[in-house]
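>>> structure for the following, please:
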Amino acid sequence: WRSLFSQIDEIATGWDAGDPRFKRSARYIEKTAYQYDWQVYHQQLGTKYLQGLTAFARSLAADTPVFAAFGGDLLQKAESQFGLDREAVGGLFDLVGCCAASSVSDPHYAIGYPQQPLLYTLLRSMAPGRPLINFCDGVIPPYDPELPCTFDYVHTAMWEAAMAGLNASLLSIDDWLAMPECLDGYVTACLDLNRLADIVAAFQTAPADVAILWSMPSKMYNAGDPFLESVKFAYEGTSF
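Here you go, the predicted structure:
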């Protein structure tokens, strides 16, 4: 397919599919090899950009920890078309930051498993030994009378997150007073986790019994279907 284009700017990305300027790319956009090439190319551009920003930030404040917080969409289909190479980026920073939420709605489990625990486990594997922080923790969802959030749900979800490797949480919630029992669950869990910090740390640093293969090409292929679902099922199964 490369023989069709004379310069990089002629290569369409996924969001250019309907643009007449890229009509010559139409028959290639869905091709597997094409998808892989342009996604790798753009991820490399994003990684180099962040490497430059990181170096610049360190030159201004050498003793200040540098981090970037990413959305919790790492396991969503087609995320690789719009995201970065998280493995390459994870090693740049002094700590790992994310913005992730959980859901009270799940057909099988009481706490929407596995959502945040899987994300935290994956992020820790990409930057082992670095602190993991959720900078806008959506463990308390927006108020919904049809899907009530409870003290037990929040308390359990925070413990699950800590067992999966979360080191710190900054709560994100629209209305602090809408569900006081949920806020109580969050505060109580944080107090308990700090009180039992040595035990929590022992669980976090225990070696894993099972390794799950993470493959960027598999994530790109067919928008990650069925690879991403397979990762979730593998994590779910090994957790039991």
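>>> the chain: strands as residue ranges?
Assigned by DSSP state E, the chain shows strands spanning 69-71, 96-99, 132-137, 168-171.
>>> so where's the longest helix in this protein?
helix 32-60 (DSSP state H).
>>> show me what that one is packed up against.
Here helix 32-60 touches helix 86-90, helix 216-220, going by 3 or more C-beta pairs under 8 Å, 6 or more residues apart in numbering; DSSP states H and E. To be clear about C-beta, it is placed using only N, CA and C from the backbone, and glycine gets the same treatment.
>>> which helix or strand in the chain has the lowest average pLDDT?
When each helix and strand of the chain is scored by mean pLDDT, DSSP states H and E, strand 69-71 comes last, with a mean of 76.
>>> Provide the strand pairings for that one, with the direction of each partner.
strand 96-99 (parallel) (DSSP bridges).
>>> put the alpha carbons of the partner strand into PDB.
The C-alpha coordinates for strand 96-99 follow below in PDB (Å, rounded to 0.1, in the frame of the first residue of the first chain):
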ATOM      1  CA  VAL A  96       1.900   6.300  37.200                       C
ATOM      2  CA  GLY A  97      -1.200   8.400  37.000                       C
ATOM      3  CA  CYS A  98      -4.700   7.500  35.600                       C
ATOM      4  CA  CYS A  99      -8.200   8.800  35.700                       C
END
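>>> show me how far stretch 19-30 is from its chain's centre.
30 Å (C-alpha atoms, centre = their mean, to the nearest Å).
>>> any buried residues in that stretch, and which?
22, 25, 28-29 (16 or more other C-beta atoms under 10 Å).
>>> is it possible to get JSON lines of those that adds pLDDT and distance to residue 200?
Listed next are the buried residues of stretch 19-30 as JSON lines, based on pLDDT from 0 to 100; distance: C-beta to C-beta, whole Å:
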{"residue": "22", "pLDDT": "79", "distance to residue 200": "51"}
{"residue": "25", "pLDDT": "76", "distance to residue 200": "51"}
{"residue": "28", "pLDDT": "75", "distance to residue 200": "50"}
{"residue": "29", "pLDDT": "75", "distance to residue 200": "47"}
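>>> most widely separated two among the residues you listed?
Across those, no pair lies farther apart than 22 and 28, at 9.7 Å, counting by C-beta to C-beta.
>>> overlap of the contact sets of the two?
Here residue 22 and residue 28 share the contacting residues residue 12, scored by C-beta atoms under 8 Å, 6 or more residues apart in numbering.
>>> follow-up on the earlier one: what's next to the least confident helix or strand of the chain, contact-wise?
Strand 69-71 is contacted by residues 83-84, 86, 97-100, 133, 135-136 when judged by C-beta under 8 Å, 6+ apart.
>>> of the residues you listed, buried ones?
83-84, 86, 97-100, 133, 135-136.
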